[in-house]
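> Okay, predicted coordinates and the sequence, questions at the end:
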Amino acid sequence: MDAFELAEAKRCLLQRRIIPVWVEFRTSVRSLIESYNRTEAGRVWNARLELAHDDRVLVVTRITELAHGQYSLITISIRAAVHEERFVIEAAKEKWVSRRIGTAVPERMDWTEYLFQLEGDLATEEVWLTYKEQRRSAFQCAEFLLFDALTENRFE
């Protein structure tokens, strides 16, 4: 095979596997949210998972009470996407702070983007996700994302 045929074969492999990887990632997020909600912090400030747009977008939210009557809202939006022939799972974590829920306009305090790119090996037909050039499973990516987002305020 020449370079063009190899590139096309790899694209086809990744195209076939993005849905199974997405399903594994989505299932992992669901089980990790349940696990987080069983922790001490999760029982006090539990997280919710919502499926939006025909199961193509996941939204995780958590509200915590801060000092001086303020509240913090963490929102994580996750979706599978194609960017210029690259298959990715992208996520954005937003932290919002408000004086009281429903009264003041929340102020966005933090924004973090995560990009998990699907990679594969044609010879073995194995696929995996990469984050910052590290090879990870769908479960490991979900775990990294949620642990980073849901434990950042544990001492507030």
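Here it is on my side, so go on. Residues are numbered from 1 along each chain as shown.

> all helices for the chain, in order.
3-37, 40-44, 138-150 (DSSP state H).

> Which positions in the second one come out as buried?
This points to helix 40-44. Using 16 or more other CB atoms under 10 Å as the test for burial, helix 40-44 gives 41-42. C-beta coordinates here come from the backbone N, C-alpha and C atoms, glycine included.

> Please work out the average pLDDT along that helix.
The pLDDT scores in helix 40-44 average 91.

> Could you list every helix and strand in contact with that helix?
Packing partners of helix 40-44 (3 or more CB pairs under 8 Å, 6 or more residues apart in numbering; DSSP states H and E): none among the helices and strands.

> hmm, 10 Å instead?
Here helix 40-44 touches helix 3-37, strand 57-65, going by 3 or more CB pairs under 10 Å, 6 or more residues apart in numbering; DSSP states H and E.

> same deal with the last one?
If you count contacts as 3+ CB pairs under 10 Å, 6+ apart, helix 138-150 packs onto helix 3-37, strand 47-52, strand 57-65, strand 71-83, strand 86-98, strand 107-121, strand 126-131, strand 134-136.

> Nearest to residue 131 among the helices and strands packed on helix 40-44 would be which one?
Residue 131 lies closest, by CB to CB, to one member of those: helix 3-37, at 12.0 Å.

> And for residue 109, the neighbour number?
By other CB atoms under 10 Å, 11 other residues sit near residue 109.

> Could you do the one 4 residues further on as well?
Using other CB under 10 Å as the criterion, residue 113 is surrounded by 8 other residues.

> Make sure residue 127 is actually in contact with residue 136.
No - under the criterion of CB atoms under 10 Å, residue 127 makes no contact with residue 136, lying 11.6 Å away.

> So for the two, which sits in the more crowded spot?
A side-by-side neighbour count of residue 127 and residue 136, using other CB under 10 Å, places residue 127 first with 20 against 16.

> pLDDT below threshold where in the chain?
In the predicted model, the chain carries pLDDT under 70 at residues 53-55, 67-68, 99-106, 108, 152-156.

> now with 80?
Applying pLDDT under 80 to the chain picks out residues 1, 52-56, 65-71, 83-85, 98-109, 152-156.
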